[in-house]
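In: coords please:
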Amino acid sequence: MTLDVVARQAGVSLATASRALNGTTRVREDLRQRVRAAADLLGYIPNAHAQALASASNNTVGLICHDVGDPYFAAIAAGVMRAAAEQDLLVMLASTFREPEREIAYVSTLRAQRARAILLIGSGFQDRAWERALAAELAPYVRAGGRVAVVSRHRSLRVDAVLPENRAGAAALARALLGLGHREFAVLSGPPELTTVSDRLAGFREGLAEAGITLPQERVVEGPFTRDGGYAAARELLTRPTRPTCVFAVTDVMAVGALAAFREEGVRVPEDISLAGFDDIPLVRELSPPLTTVALPLAAMGQQVMALALREPRGPRSRVVRAGGEVVLRASAAPPPPDSPAERTR
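Out: Residues are numbered from 1 along each chain as shown. Okay, the predicted model is just below:
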C-alpha cells in the first residue's frame, strides 16, 4: 500500500496526503479527516519506519492502562506479563492517567506498529465522542487481523472482555456492612464518567435500598480516583454537618487516602467510623487496621484478558469472562459506635 493510493481514495494531492498524515504542516481539518479515513480504510501505515517496525513486531502486545503506579493496574499487568512470557511475547506498557485523548493516541501508535494485540485495562469513559473516536481507531486494526481485549466495561466496543462484577460486588458489600448494624453511610466516589465508578456506586445504592436505606447525594463526595483523591474527599466529608458511621471508598487506593485523613483528624477507624474499599490490592492487608474490601482476582484477570487476546476469533460475537468479587471483612469495619443512631435502633 502506497501513499498515492491513499491520496486518490481521499481525493487529494499526494502532497496534501503526506502533510495530513505526518503532521508537520497544518492541513484543513476536513482534508485531514478525509485522508485519515482513507488511510484507515486501506490499512495504510504512514511511513517506512513504521512499516519496517511492523514486520518485526508481531511478537508485541500493547497494554494500555490508566496508571501503572496504581496497585490495581500493576496487579493486572503482572498477570498479563506472566501469560505473555509463557508465549514469548513482549508487552509494551503505557499509562493514560485517565486522559481519553491520550488513550486514543496510544492505540493509534500501536496500530502503526502492528502490535499483535491491544489490551485496554481499566474503566471505559461515559463519553460518546471518546467512544466513537476509539472505535474508529480500533476498527481498521481489527479488520487487518489485530486482536483487542479489555478489562472492565467499554459499552461501545464489541470486543472480548474480562468484566469484574463491580455492581454485584458493591451490593454485596453494602449488605455485609448493613449486617454489622450500620444505617448511616457515605461514599468517596471517583469521577462519575468512569464506568467502574458508576457501576460500583449503583451497586452500593442497590444493596442499601434492599434494606430501605437511601444514600443522600450530599453523602457522596467525588474526588480523583487516587490516594490523594481519597484523602481530599475524606477531609471534605468531615467538614459536613453530620457524620456517617460507615464510609465506602469505591477503590482501595482512595480508602488508603481516607484512612490517612481520618487519622490526621483524630477520627478512629473503626471505633468512630468504619471504612471499606474495593479491589483487595495487596497493600490493604498490611494497613492498621487492615481494610475491609471486595476482593477481585486481579492477577487472574490479567491472565484471562491475555488469553482472550490470543484466541482465534469465534464469529462476530464477543466473548465475556466475568470476574466475581468476594467481600472480605477485616478490622476496618465493625458495628457502629454505641452512641450512634444506628446502634440505638438495633
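
In: Tell me where this protein has strands.
Out: 60-65, 90-95, 117-121, 147-151, 160-164, 185-189, 220-222, 246-249, 274-276, 293-295, 320-323, 326-328 (DSSP state E).

In: I'd like the distance between Glu184 and Thr293.
Out: Separation of Glu184 from Thr293 (Cβ to Cβ, to the nearest Å) stands at 20 Å. C-beta coordinates here come from the backbone N, C-alpha and C atoms, glycine included.

In: Mind checking which of the two has more residues around it?
Out: Taking neighbours as other Cβ atoms under 10 Å, Glu184 and Thr293 compare with Thr293 leading, 30 against 19.

In: The more buried one contacts Ala276, doesn't it?
Out: Yes: applying Cβ atoms under 8 Å as the test, Thr293 and Ala276 come out as touching, 6.2 Å apart.

In: shared neighbours of the two, anything?
Out: Contact criterion Cβ atoms under 8 Å, 6 or more residues apart in numbering; residues shared by Thr293 and Ala276: Leu173, Ala255.

In: Against Ala10, how distant is the residue lying closest to Ser18 once chain neighbours are set aside?
Out: Nearest non-adjacent residue to Ser18, counting by Cβ to Cβ, 6 or more residues apart in numbering: Leu3, 6.2 Å away. Leu3 is 10 Å from Ala10, where distance means Cβ to Cβ.

In: Compare neighbour counts for those two and give me the winner.
Out: Ala10 (22 against 18).

In: quick one: contacts for the residue lying closest to that one once chain neighbours are set aside?
Out: Sequence neighbours aside, Ala38 is the residue nearest to Ala10 in space, at 4.0 Å (criterion: Cβ to Cβ, 6+ apart). For Ala38, the contacting residues are Val6, Ala7, Gln9, Ala10, Ala17, Tyr44, by Cβ under 8 Å, 6+ apart.

In: Including pLDDT and distance to Arg34, could these go into a markdown table?
Out: Formatted as a markdown table, the contacts of Ala38 follow (pLDDT from 0 to 100; distance: Cβ to Cβ, whole Å):
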| residue | pLDDT | distance to Arg34 |
| --- | --- | --- |
| Val6 | 85 | 10 |
| Ala7 | 85 | 10 |
| Gln9 | 86 | 9 |
| Ala10 | 89 | 4 |
| Ala17 | 82 | 9 |
| Tyr44 | 78 | 13 |
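
In: Out of these, grab the one that's most surrounded.
Out: Taking other Cβ under 10 Å as the neighbour criterion, Ala17 ranks highest of the contacts of Ala38 with 29 neighbours.

In: per-domain residue ranges of the chain.
Out: Following automatic domain parsing, one finds the domains of the chain at 1-44, 166-296+326-344.

In: and Gly207, how many neighbours?
Out: 24.

In: show me what contacts it?
Out: Counted by Cβ under 8 Å, 6+ apart, Gly207 has contacts Ala170, Ala171, Ala172, Leu173, Ala174, Arg175, Leu178.

In: one more time with 6 Å, if that's ok
Out: Gly207 is in contact with Ala171, Ala174, Arg175, counting by Cβ atoms under 6 Å, 6 or more residues apart in numbering.

In: So Arg263 versus Ser189, what's the distance?
Out: To Ser189, Arg263 is 21 Å away according to Cβ to Cβ.

In: between the two, which one's more packed in?
Out: Remark: of Arg263 and Ser189, Ser189 carries more neighbours, 24 against 12, as counted by other Cβ under 10 Å.

In: Looks like that one contacts Val250 (just checking).
Out: Yes: here Ser189 reaches Val250: they are 5.5 Å apart, a contact under Cβ atoms under 6 Å.

In: tell me the helices in the stretch 1-150 of the chain, going along the chain?
Out: Here the stretch 1-150 of the chain has its helices, by DSSP state H, counting those that start in this stretch, at 3-10, 14-22, 29-42, 48-55, 71-86, 100-112, 128-143.

In: how far is the third one from where the chain is centred?
Out: Read it as helix 29-42. Relative to its parent chain, helix 29-42 has a centroid offset of 30 Å by Cα atoms, centre = their mean, to the nearest Å.

In: got the CA positions of it in CSV?
Out: C-alpha atoms of helix 29-42 as CSV (Å, rounded to 0.1, in the frame of the first residue of the first chain):
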residue,chain,number,x,y,z
GLU,A,29,-9.5,19.7,9.2
ASP,A,30,-11.9,18.4,6.7
LEU,A,31,-9.0,17.3,4.4
ARG,A,32,-7.1,15.8,7.3
GLN,A,33,-10.1,13.7,8.3
ARG,A,34,-10.7,12.5,4.7
VAL,A,35,-7.1,11.4,4.4
ARG,A,36,-7.1,9.7,7.8
ALA,A,37,-10.4,7.9,6.9
ALA,A,38,-8.9,6.7,3.6
ALA,A,39,-5.7,5.5,5.4
ASP,A,40,-7.8,3.7,7.9
LEU,A,41,-9.9,2.1,5.3
LEU,A,42,-6.9,0.9,3.3
